[in-house]
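> No letters, just coordinates:
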């Protein structure tokens, strides 16, 4: 097996050096370069892989400008009563393992089983059956989805109410309060939270400090709201342009870069005490299809996984990553069947626990996603059987976006299996032991994320500190020039410019750069297929303009762009501003002027237009060379 031992040693070492450099930097930002001593040391300790071909690459990745952070305070919450068993001093000692032993011996069977449930609810308020699950069962945690996080003051108050109910139970075990705040495309909690350029922008700027600060600022905002677990970083190696659901959520198509930036992001979030979760194990970047709507079948072999997709997970696990999210992806050439990884004991026991030596939490992606349902439907399973199978497979926490009734088959089936099956019961106890270990590590110390956050102060911290300025600058330094035959675009007063695309913010910012431009808007959806009427109309509309600035955002808009290829002198007249992933430009080598930004916020559009018009240089580097070739000399 070839699990890139060199990457594990180098990147873990680099991560700690990065943090040291960050905090030791002077008040004036300065460029720091990590020396090759870490590479030399890693060569001596590695017996599986030669480092020669990776030295120059890793050296180029470790150059960074280290900014200064001013923390006015470490965000605190409101006081709460510490009466439950979780907070009691153990007669067995004060080590985490001793406290876990004491608590496990004191818990009822129902309290133990309840800890494996991570449940969503369908409201912005603390209401409904979720409150019964918390009050009567003291469940392991709650999952905050987009529909819960539209207003952060309301959400912060709701988290506090729910957490207080958990603390008032006999065991008093605080809940995980989890969400998906990856940055960029995926931002479940909105309102005033930072709109960031996203992971692929970090891959384009290639600065570990940028990734560290992204994790740090996102973590501080989550901390202010009482969100103590984040399903990030996404460390999928993006190799398949048909992996639409991953796209700009990935750092890169490169193994080393993904590992380094994922590690840096983790360290930044770790500083805020928010629990990081690496995803989507064992790797979603080579999947065709979206596990939200189907179960992708990935034709990778064990060698493919060990040489590529598992590397960043191994790096993060070696660095202390506390949790991993398992994806609804089938790997038949690895497991010998079509069971998704989220329901597969092979991936939990043989790969995650044995091969990667992971001792943290294995969490399922939402079991209501079609990737899990499709497999269950073929066997006439309900959500109860799917949940039971996920726990049998070795997951520690099962995520359900919909709250089951308090005593429906989901609970009854799991609880009865726990009572009647010794092997299953031992597995659940092992899972709860891991859950409590992480909770004692992160939610017990005084520097924990506030369990009862203060809704009256949340807008003082969200966005946090210098986050707005940082993310604006990060968007600017990540712009990647894909092709350039005639930039900058500086039309004369008598030349006509057309802004063309689907995103409203593209036009909002574009008008500032081209005040007299005409506009042609077409819909963003359907995502994968442009309507025939648009494909037929677009060339005629664009024909009479001297220049077309085109916003490519998805396969739909890529099809519209392709429809313009036969315009006279199209390559030089069309300037493409790609957002999210530029993968869809790969087959369009006729496009002679194109830049890529990777977010869809105003800062990203502003940065892209600034490069097209020559106001700033495009300093980003191609983050996905395995998908889109380098066209610049």
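Cool, got the structure. Just so you know, these numbers come straight off a predicted model, no measurement behind them. Numbers count the residues shown, from 1 in each chain.
> For the closest residue to residue 195 other than its chain neighbours, list the residues it contacts.
The shortest distance from residue 195 to any non-neighbouring residue, by Cβ to Cβ, 6 or more residues apart in numbering, is to residue 601 (3.7 Å). In this view, the C-beta of every residue, glycine as well, is placed from N, C-alpha and C. Under the criterion of Cβ atoms under 8 Å, 6 or more residues apart in numbering, the contact list for residue 601 reads 195-197, 471, 475, 505.
> From residue 201, how far out is residue 601?
According to Cβ to Cβ, to the nearest Å, residue 601 and residue 201 sit 10 Å apart.
> Now do the shared contacts for the two.
Common neighbours of residue 601 and residue 201 (Cβ under 8 Å, 6+ apart) are residue 475.
> Contacts only, for the nearest residue to residue 283 once chain neighbours are set aside.
Among residues not flanking residue 283 along the chain, residue 309 sits closest, at 2.8 Å (Cβ to Cβ, 6+ apart). For residue 309, the contact set (Cβ under 8 Å, 6+ apart) comprises 236-237, 282-283, 285-286, 300.
> which two of the residues you listed lie the greatest distance from each other?
Greatest spacing in these, by Cβ to Cβ: 236 and 300 (12.3 Å).
> which of these two has more neighbours?
Neighbours around residue 236 and residue 300, counted as other Cβ atoms under 10 Å, are more numerous at residue 236. The numbers are 32 against 20.
> anything in contact with each of residue 236 and residue 300?
With Cβ under 8 Å, 6+ apart, residue 236 and residue 300 have common neighbours 283, 309.
> Please report how far residue 177 lies from residue 104.
Distance from residue 177 to residue 104, counting by Cβ to Cβ: 23 Å.
> neighbour count winner among those two?
Between residue 177 and residue 104, residue 177 has the larger neighbour count (other Cβ under 10 Å), namely 30 against 14.
> in the stretch 351-500 of the chain, which spans are helices?
Here the stretch 351-500 of the chain has its helices, by DSSP state H, counting those that start in this stretch, at 370-377, 383-392, 409-420, 422-442, 458-461, 467-477.
> Serialize those helices to TSV and add fields for distance to residue 612, mean pLDDT and mean neighbour count.
What follows is the helices of the stretch 351-500 of the chain, written out as TSV (distance: least, Cβ to Cβ, whole Å; pLDDT from 0 to 100; neighbours: other Cβ atoms under 10 Å):
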stretch	distance to residue 612	mean pLDDT	mean neighbour count
helix 370-377	39	92	20
helix 383-392	48	98	22
helix 409-420	53	98	17
helix 422-442	45	98	18
helix 458-461	35	97	17
helix 467-477	13	98	21
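> closest one to residue 559 among those helices?
helix 370-377 (24.9 Å).
> could you say what helices and strands the closest one packs with?
helix 383-392 (3 or more Cβ pairs under 8 Å, 6 or more residues apart in numbering; DSSP states H and E).
> What are the contacting residues of the helix it packs on?
116, 342-343, 345, 364, 367-368, 372-373, 375-376, 379, 381, 398, 400, 404, 408-410, 412-414, 417, 424, 427-428, 431.
> Relative to residue 489, how far out is residue 123?
From residue 123 to residue 489 the distance is 48 Å (Cβ to Cβ).
> Looking at these two, which has the bigger crowd around it?
residue 489 (18 against 12).
> residues contacting that one?
Contacts of residue 489 by Cβ under 8 Å, 6+ apart are 547, 549, 575, 593, 612-614.
> Tell me the buried residues within those.
Buried subset of these (neighbour count, 16 or more other Cβ atoms under 10 Å): 547, 549, 575, 593, 612-613.
> Now stretch 505-521: buried residues?
For stretch 505-521, by 16+ other Cβ under 10 Å, it's 506-507, 509-510, 513-514, 517, 520.
> out of those, which are inside strands?
Judged by DSSP state E, the subset of those located in strands is residue 520.
> and which of the buried residues of stretch 505-521 is nearest to residue 81?
When those are compared against residue 81 (criterion: Cβ to Cβ), the nearest one is residue 509, at 50.3 Å.
> Go ahead and confirm the closest one touches residue 609.
Yes - assessed by Cβ atoms under 8 Å, residue 509 is found in contact with residue 609 at 5.8 Å.
> Ends of stretch 569-578, what's the gap?
20 Å (Cα to Cα, to the nearest Å).
> Show me what that stretch is in contact with.
By Cβ under 8 Å, 6+ apart, stretch 569-578 touches 482, 485-487, 489, 501, 506, 545-553, 561, 564, 567, 584-585, 590-597, 605, 608-609, 612.
> Just those residues: which are in strands?
482, 501, 547-552, 593-596.
> Neighbour-wise, give me the winner out of these.
residue 596 (32 neighbours).
> and it, what is it in contact with?
204, 479-480, 482, 578-579, 582, 585, 608, 620.
> give me phi/psi at residue 359?
Dihedral angles of residue 359 (phi, psi; degrees, to the nearest 10) stand at phi -110, psi 0.
> cool, and residue 478?
phi -100, psi 0.
> That one reaches residue 211, doesn't it?
No - between residue 478 and residue 211 there is no contact under Cβ under 8 Å: 11.2 Å.
> Pull up the overlap in contacts between these two.
What both residue 478 and residue 211 touch, as defined by Cβ under 8 Å, 6+ apart, is the set residue 202.
> so how many other residues sit close to residue 235?
Neighbours of residue 235 (other Cβ under 10 Å): 33.
> From residue 325, how far out is it?
Applying Cβ to Cβ to residue 235 and residue 325 gives a distance of 10 Å.
> which residues are in contact with both of these two?
Common neighbours of residue 235 and residue 325 (Cβ under 8 Å, 6+ apart) are 278-279.
> Excluding chain neighbours, give the residue nearest to residue 586 in space.
residue 628 (4.5 Å).
> Now do the same for the one you found: helix, strand or coil?
At residue 628 the chain is in coil, as set by DSSP: H, G, I helix; E, B strand; the rest coil.
> which one of the contacts of residue 596 sits closest to residue 276?
Of all these, residue 204 has the smallest distance to residue 276: 22.2 Å, by Cβ to Cβ.
> Residue 622 is in contact with that closest one, correct?
Yes - the pair residue 204 / residue 622 is scored as a contact, 7.4 Å apart, by Cβ under 8 Å.
> Common neighbours of the two, please.
residue 480.
> Settle it for me: which of these two has more neighbours?
Neighbour count, other Cβ under 10 Å: between residue 204 and residue 622, residue 204 has more, with 28 against 22.
> which ones are touching that one?
Residue 204 touches 478-480, 596, 598, 620-623, counting by Cβ under 8 Å, 6+ apart.
> you'd agree it is in a helix?
Yes - under three-state DSSP, residue 204 falls within a helix.
> quick one: pLDDT of it?
The score at residue 204 is 98. That number is its pLDDT.
> separation between the closest residue to it other than its chain neighbours and residue 607?
Spatial nearest neighbour of residue 204, excluding adjacent residues (Cβ to Cβ, 6+ apart): residue 620 at 3.6 Å. To residue 607, residue 620 is 9 Å away according to Cβ to Cβ.
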